[in-house]
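**Q** Got a sequence here, can you model it:
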Amino acid sequence: MINRTSRFWRQILSAGLVVFLLAFPTLAQEDSDPDSPTPILISEKDSTRALATKIDRSLNDNLAKNRSKAFYADTTILLYVTNLDLTNEEGANSLRVYVEDAKGRKYRFPVLSVEPIQGREWIYALTVRLKDESGFWDKPLLDGDVLVGVSWRGLTSNRVRLGIGKKGGEIKDDAGAIPTPAPIEQAEEAQQAKNTSRLHSGDKRQLSLSNSNGGRSYQP
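**A** Numbering: from 1, shown residues only. All right, here's what the predicted structure looks like:
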């Protein structure tokens, strides 16, 4: 009886630790810029499936023709995100990748690097390893799609589908989810916000900016 009770409380404490490890990094991400844009994970043109490629491949020139395949757990892939305004001090450690599988299990995948795409500097390639870095789950279930989201400065992106082992499965898109294809060019408003941020770096919190409402639209 004592052993059963001990196991029960160990399971409760372990589950609580996982929730803390997943939540704490997001809470710890401080947004020093009140006008930071919300990151957008890029999907295929006509679906909510993530635009993802193998580490040794890059996007085709015709973005609409890119199609994602399924990937195996513990491999390294590239995900693509836009609507970021990274400072010189921000790198891979400024982004978090969170994942949910069809069983409702939560993961955090490590971001190994983040680099703008040459010629499309408004799109960033995230090098991501498909392995839970919290260490609680061994690996995602190899039975289909998971939902993937990115957090930056405490701001959370849309979630897109990513095939682990195979494409498809029981998991449902978030309510209101829509395709977020790669933008052909940087939205004018986002570029103006970036220029303003650079102009007023260091004392931005003391200034009232013309676009202080922070509203930004996604324009593919």
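**Q** would you list every one of the helices in the chain?
**A** Along the chain, the segments classed as helices by DSSP state H run 2-28, 188-199.
**Q** Give me the distance between L126 and G149.
**A** L126 sits 12 Å away from G149, taking CB to CB, to the nearest Å as the criterion. The C-beta positions use only the backbone N, C-alpha and C, and glycine is treated the same way.
**Q** anything in contact with each of these two?
**A** Jointly contacting L126 and G149 under the rule CB atoms under 8 Å, 6 or more residues apart in numbering are V97.
**Q** Which residue of those two possesses the greater neighbour count?
**A** Remark: of L126 and G149, L126 carries more neighbours, 22 against 17, as counted by other CB atoms under 10 Å.
**Q** For that one, which non-adjacent residue is closest in space?
**A** The spatial neighbour of L126 that comes closest, neighbours along the chain excluded (CB to CB, 6 or more residues apart in numbering), is L79 at 4.6 Å.
**Q** ok, P37 touching D85?
**A** Yes: using CB atoms under 8 Å, P37 is in contact with D85, at 6.1 Å.
**Q** Would you mind telling me which of the two has the busier surroundings?
**A** Neighbours per residue (other CB under 10 Å) separate P37 from D85, with P37 holding more: 22 against 19.
**Q** any idea of the pLDDT on the closest residue to that one other than its chain neighbours?
**A** Once flanking residues are discounted, P37 sits nearest to N83: 4.6 Å by CB to CB, 6+ apart. Per-residue confidence (pLDDT) for N83: 95.
**Q** Equivalent analysis for D61, please.
**A** 60.
**Q** With D74 instead?
**A** 89.
**Q** before we move on, what about Q11?
**A** For Q11, the model assigns a pLDDT of 46.
**Q** L199 too?
**A** At L199, pLDDT is 41.
**Q** Enumerate every residue touching the residue nearest to L126.
**A** L41, I42, A50, L51, A52, V97, A125, L126, V128, V148, V150, L162.
**Q** Count residues in the vicinity of T53, would you?
**A** 20.
**Q** Bridging across strands, which residues link to it?
**A** L78 (DSSP bridges).
**Q** Unless I'm misreading it, it sits right up against S68, doesn't it?
**A** Yes: here T53 reaches S68: they are 7.4 Å apart, a contact under CB under 8 Å.
**Q** What pLDDT is listed against the nearest residue to F109 once chain neighbours are set aside?
**A** Nearest residue to F109, sequence neighbours excluded (CB to CB, 6+ apart): V97, at 4.4 Å. Looking at V97, its pLDDT reads 97.
**Q** From what I see, V97 and L112 are in contact.
**A** No: counting by CB under 8 Å, V97 sits too far from L112 to count as a contact (10.3 Å).
**Q** For those two, indicate the residue with more neighbours.
**A** Applying other CB under 10 Å to V97 and L112 shows that V97 carries more neighbours, namely 23 against 12.
**Q** for that one, which residues make a bridge with it?
**A** Counting by DSSP bridges, the residues bridging with V97 are F109, V150.
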